[in-house]
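> Below are the sequence and a predicted model for it; my questions follow.
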Amino acid sequence: MPNSDLLPSLLFKINQNQLALESAIMELALWVEQRGSADVASNDRGALDTINKNEVFIEMTLAVLMTPE
């Protein structure tokens, strides 16, 4: 398998990791917020916004790379 064939799989795995991290950060943000630390929860949500913005680009890139020529 040529190295170029590995790129879509690599990006897919990175995207899966990103989604798992996003879920974990959200759980932590909710937990922290329930315990009265709104500042920390707000910072966590800022990180989640970045993840969400990057996720859109990753998904678009995967769609392009996985489209048969």
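On my side now, so go ahead. Numbers count the residues shown, from 1 in each chain.
> so which helix or strand takes in the residue nearest to the spatial centre of the chain?
Residue closest to the average C-alpha location in the chain (CA atoms, centre = their mean): residue 18, at 3.1 Å. In the assignment (DSSP states H and E), residue 18 maps to helix 3-34.
> buried residues in the helix or strand following that helix?
Proceeding C-terminally, helix 3-34 gives way to helix 38-66 as the next helix or strand, assigned by DSSP H and E. In terms of neighbour count (16 or more other CB atoms under 10 Å), helix 38-66 has its buried residues at 41, 44, 48, 51, 58, 62. Just so you know, the C-beta spots here come from the backbone N, C-alpha and C atoms, and that holds for glycine as well.
> Now flag whichever of the residues you listed is closest to residue 6.
Within those, the smallest distance to residue 6 is 13.3 Å, found for residue 62 (CB to CB).
> That closest one: what's its closest spatial neighbour, skipping adjacent residues?
Spatial nearest neighbour of residue 62, chain neighbours left out: residue 11 (5.4 Å); criterion: CB to CB, 6 or more residues apart in numbering.
> How much space separates that neighbour from residue 31?
Residue 11 sits at a distance of 30 Å from residue 31 (criterion: CB to CB, to the nearest Å).
> Between the two, tell me which one has more neighbours.
For residue 11 versus residue 31, the count of surrounding residues by other CB atoms under 10 Å is larger for residue 11: 16 against 13.
> quick one, what contacts the more buried one?
58, 61, 62, 65 (CB atoms under 8 Å, 6 or more residues apart in numbering).
> Check the gap between the third one and residue 8 for me.
According to CB to CB, residue 62 stands 6 Å off from residue 8.
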